[in-house]
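**Student:** Sequence and predicted structure, then a few things I'm wondering about:
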Amino acid sequence: MLLIIAVITLPALQMVWTSLQLTDETGVSHGFAGLANYQRLFAEPALAGVLSNTVVWVLLVVGVSIVAALGLAQFLNKRFFGRRLVRWALIVPWAASLVMTSTVWRYMLEGGNGIVNRFLMDLGLISTPIGWYQDPRYAFWSVVAVGIVVTIPFTTYVLLAGLQAIDPQVYEAGKMDGAGPWKAYRYITLPLLRPSLVIATILVTIYVFNSFPVIWVITGSNPGNFSDTTLTWAYKIAFREQLNTGEGAALSVINVLILVVVILLYLRAVDGDRERQSWLGRTWAALTGRLSERWGRSGSAGPVPAAASGRVRPRVWPRLRPVVLPLAGLLIAAFFLAPYAVMFLGSFKDGAELYAVPATYLPQNWEWSNWIDVWEVLPLGMLLRNSLIIAVASTALVLLIAVPAAYYTARNRFAGRTTFMKLVLITQVLAPVALVVGIYQEVVYVDGVNQYWAIVVVNAAFNLAFVTWIMNGQFAGVDVAIEEAAMMEGLGPVRRMLRIMLPVVRPGLVTALVFTFIQVWNEFVISLTVFNDPTNDRVTLPVGIQQLVGLNETNYQYLFVASLIATVPVVALFIAVERHLVGGLTAGSVK
């Protein structure tokens, strides 16, 4: 609780205070300014365009991702040859660092030498190359497309968890009533999937609103604000273009207020007793209720006798299914793995070939030496070392604090327990990028800039929520009789937790450990702001890679090698806990 207050609550308050101060380019306050920063912000010519971008960004990315994920989750819930490989393919964009994924997409969207242009020209869809992220007409829509692609996997897994929680006997009963696949999905699956869908929509909205690396890496170096959202623009105002932390803080306060509204919806959605009372729940219940009522009243819309259904249903599908489903799975896997295939092949090209017009699909000369030269061209050893130290230390601190807290809250009822758990949920959805101005000022105040301990504490604070929430659900799910037997043997609370409870909840503990490590390993915006001193070897891997993008000539081949070295172990860890991860993400909310 103290760590959350120190690293999240205090920076939020500091950010509000800074938005009311007159600050210079170094961030030093020169007195109270009242609402002058807000007035200056609302007078900015770019504000209307940035607000419009933000609304369109959230609506399009969330809407398309939810629709696509509904279909993908339903597809992956079927049994077919190669299903596990398809699910692993969806893990890659989710597990990989957004900085590294955005880097390869930036290369693919280049003008003359971009793979996307080469592919579209080969298909005859365009006649000349397009500067997808350089041209203001296409830049914003390009990052929207990338945002959708990288958001679909997470959304799919959350909805897949909801589908797998539906009792198969419900579908058997529907078949006996003559319900075909479409009616079963419409009148059985969607109503029962409603809690997961509500949670997924809110979580994805928060995730997309807080998404920073995709826009920053692909179009952050472009002049103007053609593709900025309020999040990236606030960072530019405070730390890049205007160096006005007061005005940047004002915009950040508005961003946090938007998140607070979404958080309130989230809190109502995850509260099992009040979920039916939320307007989202009532709306969805009304919609599905009308559909069910229509089914019951209309003979043509409702289920038909099984015998009639059997006469109409084509008999060809059972023969095609073993071929069509694996083939569709192969195409889906190829689509989501394509950027990483480009990254892999690009790591074996030389600089001239990477900038060749038109782009080449396969390396003409396989430059195996790139994998050796990268250690000299880039300070890769230093970047890996820093990221490893921070990730290991942050993960250890999170587990040290969160596991006992989760155990205590799961087994005890005390005054303030509900408030504590809601605070945990709030910090789960408040991303560091939303509070970056306040965090920066607090770190400066405690002389923690470019210090390991500061970045470790900040990362730990923002990951406490997930681990506390998932482990609380794990501990609460253990039969109390097991612990009572241990109490009869004279074991105290600490020994019961260590010797009895932790072995029982080991899958959840491993999931929490791996997920926290990966989150810290891939963290970008806080490291970019408070741990970014190349002269003293204080840079993390995602920041080091991003800083080499956008120069006059980017050495993509070395960036691809470094990205693969950093991504492959992370994806392997994600695959190892794939079966348990989604249950942890939705623990306490969908149950």
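**Tutor:** It's in.
**Student:** low pLDDT regions in this protein?
**Tutor:** For the chain, the stretches with pLDDT under 70 are 1-7, 26-27, 177-180, 266-314, 317, 416-418, 420-429, 550-553, 578-591.
**Student:** All the strands of it, residue numbers only.
**Tutor:** 21-23, 29-32 (DSSP state E).
**Student:** Format these as TSV; extra columns: mean neighbour count and distance to Met471.
**Tutor:** C-beta coordinates here come from the backbone N, C-alpha and C atoms, glycine included. Converted to TSV, the strands of the chain look like this (neighbours: other CB atoms under 10 Å; distance: least, CB to CB, whole Å):
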stretch	mean neighbour count	distance to Met471
strand 21-23	19	40
strand 29-32	11	41
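**Student:** how about the ones you listed, which one is nearest Phe466?
**Tutor:** strand 21-23 (33.3 Å; CB to CB).
**Student:** Paired strands for the closest one, with orientation please.
**Tutor:** If you go by DSSP bridges, strand 21-23 pairs up with strand 29-32 (antiparallel).
**Student:** Which residues outside the strand it pairs with are in contact with it?
**Tutor:** For strand 29-32, the external contacting residues (CB atoms under 8 Å, 6 or more residues apart in numbering) are Thr18, Leu20, Gln21, Leu22, Thr23, Asp24.
**Student:** Go again with 7 Å.
**Tutor:** With CB atoms under 7 Å, 6 or more residues apart in numbering as the test, strand 29-32 has contacts from Leu20, Gln21, Leu22, Thr23, Asp24.
**Student:** Redo the residues you listed as JSON lines? Include distance to Ala12.
**Tutor:** Converted to JSON lines, the contacts of strand 29-32 look like this (distance: CB to CB, whole Å):
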{"residue": "Leu20", "distance to Ala12": "14"}
{"residue": "Gln21", "distance to Ala12": "15"}
{"residue": "Leu22", "distance to Ala12": "21"}
{"residue": "Thr23", "distance to Ala12": "18"}
{"residue": "Asp24", "distance to Ala12": "23"}
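**Student:** Out of the strands of the chain, which is closest to Val514?
**Tutor:** Closest of the strands of the chain to Val514 is strand 21-23, at 40.6 Å (criterion: CB to CB).
**Student:** circling back: for Gly114, find the nearest of the strands of the chain.
**Tutor:** strand 21-23 (40.6 Å).
**Student:** And for the closest one, what's in contact with it?
**Tutor:** Ser29, His30, Gly31, Phe32, Ala33, Asn244, Thr245, Gly246.
**Student:** Reformat the strands of the chain as a markdown table; add distance to Glu367.
**Tutor:** A markdown table is the format used below for the strands of the chain (distance: least, CB to CB, whole Å):
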| stretch | distance to Glu367 |
| --- | --- |
| strand 21-23 | 49 |
| strand 29-32 | 52 |
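**Student:** which one of those strands lies closest to Val571?
**Tutor:** strand 21-23 (42.1 Å).
**Student:** So which of the strands of the chain is nearest Val64?
**Tutor:** strand 21-23 (39.3 Å).
**Student:** quick revisit: which one among the contacts of strand 21-23 gets closest to Met121?
**Tutor:** Nearest member of the contacts of strand 21-23 to Met121, counting by CB to CB, is Asn244, at 43.6 Å.
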